[in-house]
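In: Dropping a prediction and its sequence here:
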Amino acid sequence: MTKPMNMTPAQSHYPSQTVTESVESHTLAVLVDNEPGVLARVIGLFSGRGYNIDSLTVSETEHKAQVSRITLATTGTPMVIAQIKHQLERLIPVHRVIDLTVAGNPMEREMALIKVAGKGEARVEALRLAEAFRARVVDASTEHFVFELTGRLNKIEQFISLMQPLGLVEVARTGIAAIGRGKEAM
């Protein structure tokens, strides 16, 4: 299931025609060999062609097999997304590319650490909101809190926007971790 973001004119092969395609957000899972330079090659593919990466996470998933999983979120027209997937599949260290968005509503989560400084009523309100969002306090002093929040991207964005007037100091985010639904493996 793709999420249309906005409409942009795309170039047609015929000079007088303009085709309008929607820009979509996709989450891709890429299984690669866990060896030096693989991540640089994947990132180089994106930067070399002017594609943007909205989120990127990488970790070894099979230690004995020396396989890592790259989860990335990107946006583009359906044609651009197809090109990205095809070009990723052609890279030598890539075992498999799965478009989790096309495969079905993936489970996507992100973790964020949010530092908020404040005293008095702002401090009390930050704690109330943290409780409502199920954010954990992982560090505190009389003048600050560090909250840990895990959830969907929109939940984290909303929490951050609510913390801004209460004394938001700093935010660190992990990027999206995603997995397909159902019993099948990638």
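Out: Good, I have the coordinates. Numbers count the residues shown, from 1 in each chain.
In: How far away from the center of its chain is the host helix or strand of Ala126?
Out: Assigned by DSSP states H and E, Ala126 falls within helix 120-132. Chain-centre distance of helix 120-132: 27 Å, with C-alpha atoms, centre = their mean, to the nearest Å.
In: Same question for it: list its buried residues.
Out: Residues of helix 120-132 classed as buried: 123, 125-127, 129-130 (neighbour count, 16 or more other C-beta atoms under 10 Å). All C-beta spots, glycine's among them, are computed from the backbone N, C-alpha and C.
In: so which of the residues you listed would you say is closest to Thr20?
Out: Closest approach to Thr20 among the buried residues of helix 120-132 (C-beta to C-beta): Leu129, at 40.5 Å.
In: Enumerate every residue touching that closest one.
Out: 135, 159, 162-163, 166 (C-beta atoms under 8 Å, 6 or more residues apart in numbering).
In: Same question for Lys155.
Out: 133, 149.
In: For it, which three-state class applies?
Out: helix (DSSP: H, G, I helix; E, B strand; the rest coil).
In: Quick check: it vs Gly182, distance?
Out: Noted for Lys155: a distance of 23 Å to Gly182, by C-beta to C-beta, to the nearest Å.
In: Then Ala135?
Out: 30 Å.
In: Can you pick out the residue with more neighbours from these two?
Out: Ala135 (25 against 8; other C-beta atoms under 10 Å).
In: Now tabulate the buried residues of helix 120-132 in JSON lines and tack on distance to Glu108 and pLDDT.
Out: Below are the buried residues of helix 120-132 laid out as JSON lines (distance: C-beta to C-beta, whole Å; pLDDT from 0 to 100):
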{"residue": "Arg123", "distance to Glu108": "31", "pLDDT": "94"}
{"residue": "Glu125", "distance to Glu108": "29", "pLDDT": "96"}
{"residue": "Ala126", "distance to Glu108": "26", "pLDDT": "97"}
{"residue": "Leu127", "distance to Glu108": "27", "pLDDT": "96"}
{"residue": "Leu129", "distance to Glu108": "23", "pLDDT": "97"}
{"residue": "Ala130", "distance to Glu108": "22", "pLDDT": "97"}
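In: which one of those residues sits closest to Asn34?
Out: For those, the nearest to Asn34 is Ala130 (36.7 Å; C-beta to C-beta).
In: Name all residues that make contact with the closest one.
Out: Applying C-beta under 8 Å, 6+ apart, we find Ala130 in contact with 136-137, 145, 147, 149.
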